[in-house]
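Undergrad: need coordinates for the following:
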Amino acid sequence: MAIGESRASPVKPNKWVALTVVCLIVFVICINTTAINTAVATIADDLSLSTSTLGWALDVYMLAAAALVVLGGQIGDILGRRRITLVGIGLFAVGSVVVATSFSGASLICGRALQGAGGAVLMPATMAVINDTFSREERGTALGVWGTISMLAFAFGPLYGGFLTEALSWRVIFWTDVALLLIAAALLFASLRGLPGGRTGIAVDFVGAILLGLGSFLVVLALQQGQSWGWVSGLFLVALATGILLLVAFVVVELHRRSTLVNLALFRRRQFVAGCFATFANTVGLIGLLYFFNLYAQSSVLFDLSPLHASLVLLPYTVSMFLFAYPSGRIADRIGYRIPVVVGLLVMTAGFVMLSRVTVDTTEAGLYLPIVLCGLGVGLTYSTTSAAGMAAVPADEAGQGAGVINMARFLGAVFVIAAGTILYVGQGLATLDEHLDRMGAGQLEKKKLDRVLTGSPSALESAAKELDANTRDAFVSGARQGIVGGFSDVMWLIAAVGIAGTVVSFWLLRPDRQRSRP
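TA: Numbering: from 1, shown residues only. Predicted structure coming up:
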């Protein structure tokens, strides 16, 4: 058997059974993402978390996934799809148990990191299974189903998370993850013995994995902590510079290794690059609205919505994503990826531009149209961006290619939460301090903003009780203006990424020019 050759499987698995298992796994991952975003304010209140700690609990999942997803894809190519999927299920389930039993920020962050490691294994594995079991002509449709189930989970997740948080406990969300994953593991173990085996003659690139993982971690850490450390502080500059140097070292090392973590030749294929960049832009929109809208809508100085009520306001967004995810795959199979991706990113961007115009007087009714446009655009591009990138990947590198595409997905989520938090908190701090300074308030009141921005009603109430009437009015007014300004800034950030994604996709997904023979 040649080096790098896949071990053949004696029995070809039923592609529809494989798709069913894959969809159940991705359903768990996606519903977990939206459910926890709806419950963030309650979790912060229950565990007494600051905004920065809460941000870490969300970011560490994406950070662990982004750092490990390419390694997870390569290990999947080596061990085989079935084994690596079972490993991923185990990691995610253990992480869910740790989160469900958390009583501190540290244990919550630890559990989320384990979930992220499981997601790093599962996301490329699910895409690779589709790549292995469906023909090239059917993959767009199959990934459309994969995307539709993802959107169904995103659509159901806010309601599901909001209901469980109010009726029972936010912890039930994660216990349910465990139950669904056990079902997926049983189906996988019993029915999919015919999945392709691993590739022989290659080794895991641990050096590349360490350089890529640690470099990504330090860059994101610097961006997230830059505001508290200081943008020109030695700690920030050292962390950022070290992270960038490690990423550069990763590229240099990969160019000179035989068994690489990432086949850098993939980046010579413009369709693959387009798929990665468009996936990044799509995820910035998807996660950015889910996270920051809940902080905005559940803030007790603005709408003061309950988790369930906030999820109902977001329902048009998630339903729009669900409705347009499946047809986008069929459309791409027929006309190619360029039009669905470009049009979807344009529509998404238009929605976020409209959301950036919110004021303290904006009503719930005024949010529905831009929310629907955002959902429509995200739904059109969720699976088509991945399908576009995977279409440029050789079959024996499907796990690796899926890992890179999913790294772009996770990095998009990390970027929007880290950069968005900087804008959201920074604008809120500046505006609140301006209002409090006019009233001659001291530093004690200013320090309360961190909890105010979590949307925790008890935090605002306890802060307001310590103030006299005039200062209380300035405090509430400044918080309202600051939260609206911060939310608007984040929406502009997402719109800018959407515009960049549209331009890059339009250029890189252009048809190849066929040279006529003389």
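Undergrad: shaky segments in the stretch 301-450 of the chain?
TA: Applying pLDDT under 70 to the stretch 301-450 of the chain flags the ranges 307, 326, 329, 395-400, 429, 432-433, 435-450.
Undergrad: tally of neighbours for the spatially closest residue to A391 that is not a sequence neighbour?
TA: In this structure, A391 finds its nearest non-sequential neighbour in Q271, 6.5 Å apart by C-beta to C-beta, 6 or more residues apart in numbering. The C-beta positions use only the backbone N, C-alpha and C, and glycine is treated the same way. Using other C-beta atoms under 10 Å, Q271 has 19 neighbouring residues.
Undergrad: repeat that for V97.
TA: As a measure of burial, V97 has 15 neighbours, counting by other C-beta under 10 Å.
Undergrad: kindly report the same for the one 5 residues further on.
TA: S102 has 21 neighbours, counted by other C-beta under 10 Å.
Undergrad: same question, I499
TA: I499 has 16 nearby residues by other C-beta under 10 Å.
Undergrad: please point out which parts of the helix or strand harbouring it sit buried.
TA: Assigned by DSSP states H and E, I499 belongs to helix 469-508. For helix 469-508, the neighbour count (16 or more other C-beta atoms under 10 Å) marks 471-472, 474-495, 497-502, 504-506, 508 as buried.
Undergrad: related to what we said a few turns ago, looks like the residue nearest to A391 contacts M390 (just checking).
TA: No. Between Q271 and M390 there is no contact, the gap being 9.6 Å when judged by C-beta atoms under 8 Å.
Undergrad: sorry, back to before: which strands or helices does the helix holding I499 pack on?
TA: helix 270-297, helix 338-355, helix 398-438, helix 449-452, helix 457-465 (3 or more C-beta pairs under 8 Å, 6 or more residues apart in numbering; DSSP states H and E).
Undergrad: please redo it, this time with the cut-off set to 7 Å
TA: helix 270-297, helix 338-355, helix 398-438, helix 457-465 (3 or more C-beta pairs under 7 Å, 6 or more residues apart in numbering; DSSP states H and E).
Undergrad: out of those helices, deepest packed?
TA: Most buried of those by mean neighbour count (mean count of other C-beta atoms under 10 Å) is helix 270-297; its value is a mean of 26.
Undergrad: how far does that helix sit from the chain's center?
TA: 7 Å (C-alpha atoms, centre = their mean, to the nearest Å).
Undergrad: sketch out the low-pLDDT regions of the stretch 151-300 of the chain for me.
TA: Counting by pLDDT under 70, the stretch 151-300 of the chain has low-confidence residues at 155, 190-204, 224, 227-228, 258-262, 300.
Undergrad: strands of that one, start to end?
TA: Using DSSP state E, counting those that start in this stretch, the stretch 151-300 of the chain contains no strands.
Undergrad: quick one, helices of it?
TA: Along the stretch 151-300 of the chain, counting by DSSP state H, counting those that start in this stretch, helices occupy 171-191, 206-229, 234-255, 270-297.
Undergrad: tabulate those (JSON lines), appending distance to G162.
TA: Converted to JSON lines, these look like this (distance: least, C-beta to C-beta, whole Å):
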{"stretch": "helix 171-191", "distance to G162": "10"}
{"stretch": "helix 206-229", "distance to G162": "27"}
{"stretch": "helix 234-255", "distance to G162": "36"}
{"stretch": "helix 270-297", "distance to G162": "10"}
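Undergrad: most packed of those?
TA: Highest mean neighbour count among those (mean count of other C-beta under 10 Å): helix 270-297, with a mean of 26.
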